[in-house]
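S.K.: Need coordinates for the below:
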Amino acid sequence: MPLVRIALLSSHSRGKPPGFGRRVGEVVYRAMRETINVPAQDHFQVITEHDADGLVFDPGYLGIERSAGYILIQITLNEGRTLEQKKALYRALADGLHAELDVRREDVMVSLVEVKKENWSFGNGLAQYAP
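M.R.: Reported below is the predicted structural model:
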């Protein structure tokens, strides 16, 4: 059960068409399905567009030159993926966003937040994954 948060500068201010954020989300979902075994219909995302004051990032941290096309992808998911799966996800995200939406690979930042399965409730006040 990943919960994905995608933050980017507003499409209008970057000259991107309406719906660009949703298209980013589609690429992210597909990459998760292909690399970290996310099941079908496990699709939960929060996509937010910000003005320049609402999305702060260092344009040169770790020697990576970021532009106004910067996209932050934070994925909260159950713990247990291998390092190889995580690396494959990072590659698939950068490569997929570049190929499909012309996003610079340097502008894709990913943060994984791993939690135990009992930390989810999908509704009805129940912990569906708890033992």
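S.K.: contacts for stretch 94-101?
M.R.: Contact partners of stretch 94-101, identified using CB atoms under 8 Å, 6 or more residues apart in numbering, comprise 20, 23, 24, 27, 30, 31, 71, 103, 104, 105, 108. In this view, the C-beta of every residue, glycine as well, is placed from N, C-alpha and C.
S.K.: Identify each buried residue in it, please.
M.R.: Along stretch 94-101, these residues count as buried under the neighbour rule (16 or more other CB atoms under 10 Å): 94, 96, 97, 98.
S.K.: distance of the second one from residue 25?
M.R.: So the one you mean is residue 96. 12 Å (CB to CB, to the nearest Å).
S.K.: what do you get for the last one?
M.R.: Applying CB to CB, the value for residue 98 to residue 25 is 16 Å.
S.K.: Next: residue 120.
M.R.: In this structure, residue 120 and residue 25 are 20 Å apart, going by CB to CB.
S.K.: and if you look at residue 34?
M.R.: Residue 34 sits 15 Å away from residue 25, going by CB to CB.
S.K.: Then residue 10?
M.R.: Note on residue 10: its distance to residue 25, by CB to CB, is 16 Å.
S.K.: and which of the contacts of stretch 94-101 is nearest to residue 85?
M.R.: Checking the contacts of stretch 94-101 against residue 85 by CB to CB gives residue 31 as the nearest, at 11.3 Å.
S.K.: Helix or strand: which one has the closest one?
M.R.: Residue 31 belongs to helix 20-35 when assigned by DSSP states H and E.
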